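>>> The following comprises the amino acid sequence and a computationally predicted model.
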Amino acid sequence: MRYKNLLDLGLTEQQVKENLMFTSDKIGELMRVAARSDEQKQWFGAAPPDLTIIARARGEAGNAGAGADWLYTYLRSFYRDANRPTGWNNTVFENVGMPHILYGLQGQQVMNHETHKLELAVPGSMAPAEFDKSVSDLVGFMVWMGEPQQEYRRTLGWFVLAFLAVLFVVAYALKKEYWKDIH
């Protein structure tokens, strides 16, 4: 993904340069992760997952929304766990190497081992409904980042199917005309 692709979302070049370009100076360059995978494994105990790829891979099996739903649930399911190197664990992806970077917004959840449910121990800066909306927007962005041409592909697919349907009608009429004297 290149930084200039963010212009498709309605951002201006100035907004992208001021707020989103951390690893490059030119808007046409590729986006890169600042930390290398081996460093992340050392820091967090395991390399954090690439959530754009996970959203795309889990949505491939015929249900495009499945990856987004999984990712939404994953980002809301972190809880405090003193046994993990990051201090966080996740009910959806056990022992994940990714720290809970949104805890300031969501607050700190703890696992109630009797009910096996998460409980909010320390509230965050956002109300739960506001946090859920923000996570939903973030997931939508990550799904788009995983495959920015998806909408174009779907639109093109409908045009291809319509063309094939018209071609079938023309080919069938031609076949009927060609073979009318034989049948």
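That came through fine. Numbers count the residues shown, from 1 in each chain.

>>> Report the residue ranges of every domain in the protein.
1-32, 41-148, 150-183 (automatic domain parsing).

>>> got the phi/psi numbers for M126?
phi -110, psi 150 (degrees, to the nearest 10).

>>> List the buried residues of the one helix or strand F141 maps to.
Here F141, judged by DSSP states H and E, is contained in helix 128-146. Within helix 128-146, the residues that count as buried by 16 or more other C-beta atoms under 10 Å are 131, 135, 139, 142-146. Any C-beta I mention is one placed from the backbone N, CA and C, and that applies to glycine too.

>>> circling back to that earlier point, buried deepest among the domains of the chain, which one?
domain 41-148 (a mean of 16; mean count of other C-beta atoms under 10 Å).

>>> Report the rounded mean pLDDT for that domain.
In this model, domain 41-148 has a mean pLDDT of 86.

>>> out of the buried residues of helix 128-146, which one sits closest to G97?
Nearest to G97 out of those is M142 (C-beta to C-beta; 17.5 Å).

>>> what's the distance between the closest one and D50?
Separation of M142 from D50 (C-beta to C-beta, to the nearest Å): 10 Å.

>>> One more: L75?
14 Å.

>>> now swap in D81 and tell me
The spacing between D81 and D50, counted by C-beta to C-beta, is 22 Å.

>>> next one: N5
17 Å.

>>> And the strands in this structure, which stretches?
78-80, 88-90, 107-112, 117-123 (DSSP state E).

>>> And the helices in the chain?
13-19, 37-44, 51-58, 64-75, 103-106, 128-146, 150-178 (DSSP state H).

>>> what's the angle between the fourth one and helix 128-146?
Relative orientation of helix 64-75 and helix 128-146, computed by axes from the mean of the first three to the mean of the last three C-alpha atoms, to 10 degrees: 130 degrees.
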